[in-house]
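Asker: pasting a predicted model and its sequence here:
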Amino acid sequence: MKQLLYSKRLAPYLFILPFLVTLAVFWVVPLGRSFVMSTQEVLYGQGTFIGLDNYERLWRDRIFWQALFNSMRYMILTLVLLIPIPLVLAALVNSSIGSARIKGFFKASMFVPALTSVVVAGIVFRLIFAESDSAMMNQVAEIFGFGPVRWLRSDLTGLTALLAIALWRWTGVNMMYFLAGMQAIPTEYYEAASIDGASKFRQFIHITIPNIRPTIVYVVTISVYGGLAMFLESFMLYAGNNSPNNQGLTVVGYLYRKGIEENDLGFASAVGVVLLVIVMTINICYLAASGTFKKEAA
Amino acid sequence: MMAALDEEARVTTARPAADRRRPGPSTAAWVQSALLVVMALISLVPLLAIFVGTFQDGNEVIRRGMTFDVDLGTLSLDNYVLLFTDSGPYFRWFANTLLLTIAQVAGTLLVSSFVAYGFAMYEFRTKTLWFIMVLLVMTVPFEMLMLPLYVQVNDMGLADTYTVIVLPFLASAVTIFFFRQYFLGIPKEIIEAGRVDGVSEFGIFFRLVLPITRPAMAAMAILNGMLCWNNFLWPLLVLRSPDKFTLPIGLNTLLTPYGNNYELLIIGAFFSLIPILILFLAFQRFFIEGITAGAVKG
C-alpha cells in the first residue's frame, strides 16, 4: 500500500483512473451499444440483428431529411450571425476610445443571458413571440408596418424566434471569447500599423483577425456542434417536441421522438450514428482546412 | 529595428499628451457608447419583461404574451403572495436543485482536479492518447450521447436517482482541461520539495497543490454550478418521481397548454434566476473566466 502511494510510475494512472472509468462506462460502452443497436430491431430490451435496415428506413424517411435540413439550416445561420456580430462588438469594446464604465455595463448585460437556463429562455421568448398584437415582437413589427405575425405558426417566422434565442444567449459569450483573444494581441502591432497609416478597419482585418484565428477556429467548432445538436431551444419554444408541420424538428428532436417517446431504439440509434458521423466529418474537414492539426503536431 | 523601437517609444509617450489636449470624448466615442448602451438595453429586455411579468396576472401574460404596453394599474403583488403561501412543490424543486448543485460541484471539482493533476504533472507512455480522449469528450455535445447513455443507466438500474445525474459528469472534460492548464503553471519545485520531505504522491496533491488552486476552483465552481443549476436535458430523461424534480424540470411541467398555474410559471422562472444573478454580480470575473474556459489556447 505504501509503495502504491509513493510510486511515481503508478501514480499518474491512479490520478487519471476516474476519467478512464468514466470514459469506459459512460462513453465507450454506450456509444458502442448505439452502433450495435442501430443494426437491430429492439423490442422489450431484446435486439434482433436486421443489418442495415434501420439505415435504409432512414434514407427513405422524409421527416428525417426535414429534421436534418432544419438542423443544418439552423447551424449555418447561427454561424452567419454568431461569429461576425460578436467579433465586431468585441473589437468595439477592445478599442481605445469610449468609457470603461459603459463598456463594463455592456459586457455584463450581454453576458447575463448566458446565465439563464434554456427553460427560462424558452418561456420568455415564447411569450415575447406570442401571437397577440400586443406581444413585444408584434409591437416591434407594427413599428415597421406589418403584423401582427403568428410567429410560431409558420416556418420562417418560427426560425426567426429560434435564432433570436440563440443570438440573445450567445452573443455575449462569443464576444467574451473574442475579446480574450484580442486582449492577448500586443498593442505594439497596432501602434506600428497606425504609424504606417493603416486605418482602424484595415488594422481589424490585417492584425486582429489573423491574430485571434485560434479563437475563431474554436468558436466555429463549438458552434457547429452546438448548432447541429440543437434541440432544447425548439423543445421549449414550441412547448414540446411537436411543431406545425415539424418546422421546429431537429435531428436530435427526431432522435428524442423515436428513441424516448416512441421507444424505437434501433431506428433512433441509427439517427444518432448518422448525426455523429456528420458532425465528426464536418469538424475534421474544418480543422484540417484551417491547419489546426499541423499546429498541434508542431 | 532600433529605429522602430524608438518610434514606438515616442508614440507611447506622446499619447497621454494628445489625450489631454482633447476637450472631451470624440464623436466616435459618443457613437460607440450610444451603440453599446442601446445593445445592452435590448439584451436586458427579456429579463426585464419577466421581472415585470411577476407583477402581472399570469393567465393574461400567457394569453397576450409579454408586452411593452404594460398597464401599470393592473400590477400587483398577488404572485408573490402565491409563491410564498401556496406554491405547491416549488420550494421543494428549489431545495432539490440546490442540493444537487452542491453535490455535483463538490464532486466535480475534486474528481476533475485529481485527474487533471495526473495529466499535468507526470510523463507516461499513453498520456497523449488519453488527453486526446479528454479533448474529444469535451467537444462532443451531450445530445449525441443521451440516448445510449439513457439505455445504459436504465439497464444499470440507476434511473430516477440523483446518483445518475451526477456520476457520469464527475470527471468533467472541460474542468479537467481547465485545471490541467492551471497546474502546468505551478512550479515543479513545490512537488520536488514535497517528495524530499517524504510526502506521498497523493499527499503532495491534496496537501501542497490543492490549497493553492483556489482561483481555478472558483472559476470551475461557478461554471459547474451554473451548468448544474440549469441542467435540463439529462434530468428530463432520467427523473420520474415528481418529488425529485429540479427547477427546470418542474417549471417545464407548468408550461402545458392546459395549465392552471401560469402565475407560478412566471414568478417561478424569475426566482430560479435569482441565485445565479446574485452570484454573477458578486463574482463576475470568475463567471467570465469559467464560461470562456474552453477557449484558452491548448
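Answerer: Looks like it arrived, so ask away. All values derive from a computational prediction rather than experimental measurement.
Asker: all contacts plus neighbour counts: C-alpha atoms, from now on.
Answerer: Noted.
Asker: quick one, what contacts residue A:223?
Answerer: A:75, A:78-79 (CA atoms under 8 Å, 6 or more residues apart in numbering or on different chains).
Asker: let me know the secondary structure of it.
Answerer: At residue A:223 the chain is in helix, as set by DSSP: H, G, I helix; E, B strand; the rest coil.
Asker: quick check: it vs residue B:64, distance?
Answerer: 34 Å (CA to CA, to the nearest Å).
Asker: with residue B:133 instead?
Answerer: Residue B:133 is 49 Å from residue B:64, by CA to CA.
Asker: ok, these two, which is more surrounded?
Answerer: A direct count of neighbours by other CA atoms under 10 Å in any protein chain shown for residue B:133 and residue B:64 places residue B:64 higher, at 18 against 15.
Asker: of the contacts of residue A:223, which is the most crowded?
Answerer: residue A:78 (22 neighbours).
Asker: element containing that residue, please.
Answerer: helix A:62-82 (DSSP states H and E).
Asker: quick one: residues contacting residue A:10.
Answerer: Counting by CA under 8 Å, 6+ apart, residue A:10 makes contact with residue A:4.
Asker: can you read off the pLDDT for residue 38?
Answerer: With no chain named, the answer covers chain A. You'll see residue A:38 listed with a pLDDT of 93.
Asker: um, chain B though
Answerer: At residue B:38, pLDDT is 95.
Asker: ok, which of the contacts of residue A:223 also contact chain B?
Answerer: Residues of the contacts of residue A:223 in contact with chain B (CA under 8 Å from any CA of the partner chain): none.
Asker: so where's the chain uncertain?
Answerer: Assuming you mean chain A. Counting by pLDDT under 70, chain A has low-confidence residues at A:1-2, A:291-298.
Asker: not quite, go with chain B.
Answerer: For chain B (pLDDT under 70), the answer is B:1-25, B:257-260, B:294-298.
Asker: now do the strands in it.
Answerer: Here chain B has no strands by DSSP state E.
Asker: now for the longest helix seen in it, which elements pack on it?
Answerer: Longest helix of chain B, by residue count under DSSP state H: helix B:90-121. Applying 3 or more CA pairs under 8 Å, 6 or more residues apart in numbering or on different chains; DSSP states H and E, one finds that helix B:90-121 contacts helix A:11-22, helix B:162-166, helix B:173-184, helix B:214-230, helix B:247-254.
Asker: swap the cut-off to 10 Å and go again
Answerer: The contact analysis (3 or more CA pairs under 10 Å, 6 or more residues apart in numbering or on different chains; DSSP states H and E) places helix B:90-121 against helix A:11-22, helix B:78-85, helix B:127-139, helix B:162-166, helix B:173-184, helix B:214-230, helix B:247-254, helix B:262-282.
Asker: contacts for the second one next, please.
Answerer: Going back to what we said before, that points to helix B:78-85. B:53-58, B:77, B:86-88, B:90-91, B:262-268, B:271 (CA atoms under 10 Å, 6 or more residues apart in numbering or on different chains).
Asker: if we go to 7 Å?
Answerer: Contact with helix B:78-85 is made by B:54-55, B:263-264, B:267, as judged by CA atoms under 7 Å, 6 or more residues apart in numbering or on different chains.
Asker: let's have those in a markdown table, adding neighbour count and distance to chain A.
Answerer: As requested, the contacts of helix B:78-85 are exported to a markdown table (neighbours: other CA atoms under 10 Å in any protein chain shown; distance: CA to the nearest CA, whole Å):
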| residue | neighbour count | distance to chain A |
| --- | --- | --- |
| B:54 | 25 | 12 |
| B:55 | 19 | 15 |
| B:263 | 25 | 13 |
| B:264 | 22 | 12 |
| B:267 | 22 | 11 |
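Asker: so which of these is the closest to residue B:214?
Answerer: residue B:267 (35.3 Å; CA to CA).
Asker: now, the most widely separated pair of the contacts of helix B:78-85?
Answerer: Comparing all pairs in the contacts of helix B:78-85 by CA to CA, the longest separation belongs to B:55 and B:264, at 11.2 Å.
Asker: regarding chain A, what is its longest helix?
Answerer: helix A:155-183.
Asker: I'd like the distance from the very next helix or strand once past that helix to the chain centre, please.
Answerer: Where DSSP H and E defines the elements, the next helix or strand beyond helix A:155-183 is helix A:187-195. Distance of helix A:187-195 from the chain centroid (CA atoms, centre = their mean, to the nearest Å) equals 35 Å.
Asker: kindly report the same for stretch A:193-209.
Answerer: 31 Å.
Asker: do the same with stretch B:214-224
Answerer: Put simply, stretch B:214-224 sits 10 Å off its chain's centre (CA atoms, centre = their mean).
Asker: go through that stretch and flag the buried ones.
Answerer: Neighbour counts over stretch B:214-224 (16 or more other CA atoms under 10 Å in any protein chain shown) mark B:216-224 as buried.
Asker: of all those, which comes closest to residue B:113?
Answerer: Nearest to residue B:113 among the buried residues of stretch B:214-224, with distances taken as CA to CA, is residue B:217, at 8.7 Å.
Asker: residues in contact with that closest one?
Answerer: With contact set as CA under 7 Å, 6+ apart, residue B:217 has these partners: residue B:109.
Asker: what of residue B:222?
Answerer: Applying CA under 7 Å, 6+ apart, we find residue B:222 in contact with B:286-287, B:290.
Asker: out of these, which are close to chain A?
Answerer: For chain A, no contacts are drawn from the contacts of residue B:222 by CA under 7 Å from any CA of the partner chain.
Asker: residues making contact with stretch B:239-249?
Answerer: Taking CA under 7 Å, 6+ apart as the rule, stretch B:239-249 contacts A:119, B:93-94, B:96-97, B:159-161, B:230, B:232, B:236, B:272.
Asker: distance of the spatially most central residue of chain A from residue A:90?
Answerer: Note on chain A: the residue nearest the mean C-alpha position is residue A:226, at 1.9 Å, using CA atoms, centre = their mean. Counting by CA to CA, the gap from residue A:226 to residue A:90 is 21 Å.
Asker: cool, residue A:206 as well?
Answerer: Relative to residue A:90, residue A:206 is positioned 16 Å away (CA to CA).
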